[in-house]
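Participant: how would this look folded up:
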Amino acid sequence: MKLRMQKRLAADILGVGEERVWIDPDRMTEVSTAITRADIRELIRDEAIKAKPKKSTSRARARKRQEQKSKGRQSGPGTRKGSKQGRKSRKDEWISKVRSLRQELREYRDEGLIDSSLYRSLYRKVKGGAFRNKAHLRTYLEERGLLEED
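Facilitator: Predicted structure coming up:
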């Protein structure tokens, strides 16, 4: 039983493509007798003809990838686009480095490991870019015997 015309009319009325038109298999003969748009509308009202739900792209893979990224995975060289500075600017790198070094200096001062005058001179050295990281700062202090260990 060919229902091409009925399917075409139903698709037009429902505002979907012909692929999304569903015709109740138990009421095929009733649908085949429908030849006007009014007949098709009546069948749509009686739910003999319906529009299938829209198929959409599944987000499951995207969610899984996002979960992996939150764990720090999937960030290797094959994923990266752009330069190192394109991902994190030199300025942002500098800001985070200086903030962590200044925090370390404050902790040393507050714990009494360095006095305030040494703190000020080291603070200026940090501003001048004398230290690469916290380990470098600690090594500098230890080599010169500037840490007043308890």
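
Participant: could you pull up phi and psi at the nearest residue to V16 once chain neighbours are set aside?
Facilitator: With CB to CB, 6 or more residues apart in numbering as the criterion, V16 has its nearest non-adjacent residue at 4.8 Å, and that residue is A51. All C-beta spots, glycine's among them, are computed from the backbone N, C-alpha and C. Main-chain torsions, A51, degrees, to the nearest 10: phi -100, psi 130.

Participant: these two touch, right, A51 and G17?
Facilitator: No - between A51 and G17 there is no contact under CB atoms under 8 Å: 9.4 Å.

Participant: these two - which one has more neighbours?
Facilitator: Taking neighbours as other CB atoms under 10 Å, A51 and G17 compare with A51 leading, 16 against 10.

Participant: so who does that one touch?
Facilitator: Shown in contact with A51 (CB atoms under 8 Å, 6 or more residues apart in numbering): 14, 16, 20-22.

Participant: just K134 next, same as before
Facilitator: 100-101, 104.

Participant: counting neighbours, which of those comes out on top?
Facilitator: L101 (23 neighbours).

Participant: tell me which element that residue falls in.
Facilitator: If you go by DSSP states H and E, L101 is part of helix 90-110.

Participant: helices of this protein, start to end?
Facilitator: Under the criterion DSSP state H, the chain contains helices at 4-14, 28-33, 37-45, 60-70, 84-87, 90-110, 116-127, 134-143.

Participant: just name the most buried of these.
Facilitator: Stretch with highest mean neighbour count among the helices of the chain: helix 4-14 (a mean of 17; mean count of other CB atoms under 10 Å).

Participant: just checking, what packs against that helix?
Facilitator: On a contact count with 3 or more CB pairs under 8 Å, 6 or more residues apart in numbering; DSSP states H and E, helix 4-14 meets strand 21-23, helix 37-45, strand 49-51.

Participant: now render those as CSV, adding mean pLDDT and distance to R90.
Facilitator: Formatted as CSV, the helices and strands packed on helix 4-14 follow (pLDDT from 0 to 100; distance: least, CB to CB, whole Å):
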stretch, mean pLDDT, distance to R90
strand 21-23, 96, 59
helix 37-45, 96, 63
strand 49-51, 97, 55
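
Participant: nearest to R4 among the ones you listed would be which one?
Facilitator: Proximity to R4 (CB to CB) singles out strand 21-23 among the helices and strands packed on helix 4-14, at 10.6 Å.
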